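Chemist: All I have is the shape, not the residue letters:
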C-alpha cells in the first residue's frame, strides 16, 4: 500500500445558508481518503459504530479505499458532528459533538498497514500519533496535522510528535498559536527548526504556503464565486496533497509544489457541494483541468526591467 | 511625460512598536511617485504648504520626479498625518489628521501634464478625480483608487468615476464595502461590469489579485520575517505597478501581470524601514533580484497526473 491515513470517520449534520444535510459521511479520514484515492492506493485506520452501514462502506469501496484496518464496534455509535455556517462561511458554529466510539479510539495497525510508504497522522491525541509513527520506522514520509485543542491541552506531547515527523500541515491561526509568534513566516521557521523538513500552511480563501529549510512557495486559492459547504476542505486538501505525493517516485520539492496545487484543486471541488458529494464523482480530466487553471492564474514571464 | 499621479504630499508622524519618526515625507503621491520613478518618468500633481522645504524637494529631484505641477501655498501648511501601529501592524490608529492645504486641493493640470500617457488618480474626492480624467481623453490608461470615506459619503459620484476609468486599484475590504458582496470574486466581477477593463485587489500580507474580463491572476506577498512600518505600502505598490506599466510599449495582460509583481516588490521594500527611507535608496539590481524571488516562490511544473 502506498498511503496510510489515521483519522476519523463521522456522520456530519450540516446547515449552511444554502441548505441542510443530515447524516452525511464525513470526518477527516473520509474526506482525506476519498480525495487521495484519485492519485494512489489508500488505506484508512479509523473506528466506526454499528450505524456505519452498507451505503457508507460502498463509498469507500467505490474509491478502492482499503478498509481492512477500519475498526468496527457493532454496539457503539459512529462519531457525530453537527454544525452550522453563517453567510460568511468562515464563521462556523458547532452545535453538537458526540465522539461516541471515537472517544476511545486507539489506532491498531495491521502488518500490511505498517508497510505503507507514506503516512498521514490525522488530528488525534498527539501521544497516539507518536505511537503510530513509532510503528512505521521505514515510512518514507510521515505527515502530521493537529488542532487548537491539542495545542492547548497537550502542547509538550505535540511538540515531541512534531520532532519525529517529516512534514506538518497546519492552518495559519494554529501556526501562530503553536509558536506564540504573530508573524507567520517566523512562526513557520520556528516549527521547521523543531524537526520537520517541510511545513504546509493552509490559509483558507487566501491559498496555501509551503515552507522548507531554504525555500518558500505560495499559491492562491482557486477563485470560487460561491462556496456551498466548507466542511472537510482542509482534509480534502491534505488528501490531494498526500495522495499526489504518494504517486510520485521522488518526494522532492518540485513534487511537493505540484502536490500543493493538487491539494488546492481537490479542496476547491470539495466546497462546491455538501460533504463529499462533489469530490466523490470527480474525473481525472476535471482534476487536471483545474490544475491547468492554477498554472494559468499564477504564471508570469520573468523579464527583468531596464530603465529606459 | 509618461506617468501622471494626482495625490497627496504629507508630513507623517509615525509610531510603531519598533520606533518613532517625526515629520517624514509621506502622502500617497510621494510614496507612489518615488516608487514609480525607478521605472519611468513621473509627474506629480499635489499641493504643499510653506513648510515643504529644500530637503523634501531634494527627494523628488533626486528621483527625477517632475514637480512643475506641484502647487505651493506659501502661507499654508502641508497635510499632516499622525498614526500609531500596534504589535499586530495590521492594526493602525490615526492619532491626528490635519488636512491643511489639502482640504481645498483642486488638481490643476498643465498642458504638458494633460499629455501624459498613463494617469493614476490617487485617493481624492471622486468628482475631482473625474474632472482630471475628463481633461485627459487621450490617455492610454487611467487608473483609480479610493478609500472607505468616499465609498460612504459619495458613492454615486464614485461609481460614475469608476465607469470612466480603465483600471481600479482597491483593497479587499473596500471591494466588499463598495459592492455589498461578501465574496471577493463576485465583488470583483461586479466592479469590472461597471466599466474598468481591469481590477487590482490588494490583500496586504496575503498578496494581490488581478481581475480582467476573462482572467484571474493572483500572487502571494513577499514573505517578510519582520515588518517595520507599513505606512504607504499600498501607494508604493501602486507606484511600482503603474511605473512598470508606463515603461512597457504594450499595456496587455502579460505586462499587467509583471506589473503586479513589480508593485509587490516595491511594497515589500517599503515596509522594511520608516516612511520612504528604504525605497529611496533602491537599486535596479535589488528590484530585479526580488522580482526573481517572486518567480522562484510561485513556480511549479505543469505535469498532469495519471493514476497508476
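Modeler: Thanks, I have the structure now. Just so you know, these numbers come straight off a predicted model, no measurement behind them.
Chemist: And the longest helix belonging to chain A, how far out from the chain middle?
Modeler: Counting residues, the longest helix found in chain A (DSSP state H) is helix A:253-270. Remark: helix A:253-270 is offset 11 Å from the chain centroid, using CA atoms, centre = their mean, to the nearest Å.
Chemist: does any part of it sit near chain B?
Modeler: Yes - residues of helix A:253-270 contacting chain B under CB under 8 Å from any CB of the partner chain: A:254, A:257-258, A:260-262. All C-beta atoms are positioned from the backbone trio N, CA, C, and that covers glycine.
Chemist: Tell me where the model's unsure across chain A.
Modeler: A:1 (pLDDT under 70).
Chemist: Assumed residue A:137 was part of a helix.
Modeler: No - in this structure, residue A:137 is coil, not part of a helix, as judged by DSSP: H, G, I helix; E, B strand; the rest coil.
Chemist: Near it, how many other residues are there?
Modeler: Residues lying near residue A:137 (other CB atoms under 10 Å in any protein chain shown) number 8.
Chemist: quick one: it from residue B:132, how far?
Modeler: 69 Å (CB to CB, to the nearest Å).
Chemist: Helices of the stretch 201-308 of chain A, start to end?
Modeler: In the stretch 201-308 of chain A, the helices defined using DSSP state H, counting those that start in this stretch lie at A:233-246, A:253-270, A:277-280, A:284-298.
Chemist: Is any residue of the third one near chain B?
Modeler: The reference is to helix A:277-280. No - judged by CB under 8 Å from any CB, helix A:277-280 stays clear of chain B, getting no closer than 15.0 Å.
Chemist: what distance separates that helix from the centre of its chain?
Modeler: Averaging C-alpha coordinates over helix A:277-280 and over its chain gives two centres that are 15 Å apart (CA atoms, centre = their mean).
Chemist: that older thread, the longest helix of chain A versus helix A:233-246: what angle between them?
Modeler: Orientation note: helix A:253-270 sits at an angle of 140 degrees relative to helix A:233-246 (axes from the mean of the first three to the mean of the last three CA atoms, to 10 degrees).
Chemist: rewinding a little: may I see the helices of the stretch 201-308 of chain A organised as TSV, with mean neighbour count added?
Modeler: Shown next, in TSV, are the helices of the stretch 201-308 of chain A (neighbours: other CB atoms under 10 Å in any protein chain shown):
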stretch	mean neighbour count
helix A:233-246	29
helix A:253-270	24
helix A:277-280	19
helix A:284-298	16
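Chemist: Output the ones you listed in TSV; the columns should cover distance to residue A:156.
Modeler: Shown next, in TSV, are those (distance: least, CB to CB, whole Å):
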stretch	distance to residue A:156
helix A:233-246	24
helix A:253-270	29
helix A:277-280	36
helix A:284-298	39
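Chemist: ok, residue A:62 - how many residues close by?
Modeler: 12.
Chemist: which ones are touching it?
Modeler: Contact analysis of residue A:62 by CB atoms under 8 Å, 6 or more residues apart in numbering or on different chains lists residue A:280.
Chemist: Ramachandran coordinates for it?
Modeler: Torsion angles at residue A:62 (phi, psi; degrees, to the nearest 10) stand at phi -60, psi -20.
Chemist: Next one: it from chain B, what distance?
Modeler: According to CB to the nearest CB, to the nearest Å, residue A:62 stands 14 Å off from chain B.
Chemist: Tell me how far the closest residue to residue A:261 other than its chain neighbours lies from residue A:66.
Modeler: Spatial nearest neighbour of residue A:261, excluding adjacent residues (CB to CB, 6 or more residues apart in numbering or on different chains): residue A:294 at 4.9 Å. According to CB to CB, residue A:294 and residue A:66 sit 30 Å apart.
Chemist: again, but for residue A:38
Modeler: Residue A:38 sits 15 Å away from residue A:66, going by CB to CB.
Chemist: Which residue ranges of chain A form strands?
Modeler: A:3-6, A:10-16, A:19-26, A:42-49, A:70-73, A:79-85, A:92-98, A:118-121, A:141-144, A:167-171, A:198-202, A:208-212, A:216-219 (DSSP state E).
Chemist: Output those strands in CSV; the columns should cover distance to residue A:282 and mean neighbour count.
Modeler: Formatted as CSV, the strands of chain A follow (distance: least, CB to CB, whole Å; neighbours: other CB atoms under 10 Å in any protein chain shown):
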stretch, distance to residue A:282, mean neighbour count
strand A:3-6, 17, 29
strand A:10-16, 19, 22
strand A:19-26, 16, 17
strand A:42-49, 15, 26
strand A:70-73, 22, 16
strand A:79-85, 23, 19
strand A:92-98, 24, 12
strand A:118-121, 20, 30
strand A:141-144, 22, 22
strand A:167-171, 21, 24
strand A:198-202, 20, 23
strand A:208-212, 20, 23
strand A:216-219, 20, 23
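Chemist: what about these, which gets the closest to residue B:288?
Modeler: Ranking these by proximity to residue B:288 (CB to CB) places strand A:216-219 first, at 18.6 Å.
Chemist: Can you get me a residue count around residue A:17?
Modeler: 11.
Chemist: Grab the nearest non-local neighbour of it.
Modeler: Closest to residue A:17 by CB to CB, 6+ apart is residue A:87, at 5.1 Å.
Chemist: That neighbour contacts residue A:226, correct?
Modeler: No - counting by CB atoms under 8 Å, residue A:87 stays clear of residue A:226, with 11.5 Å between them.
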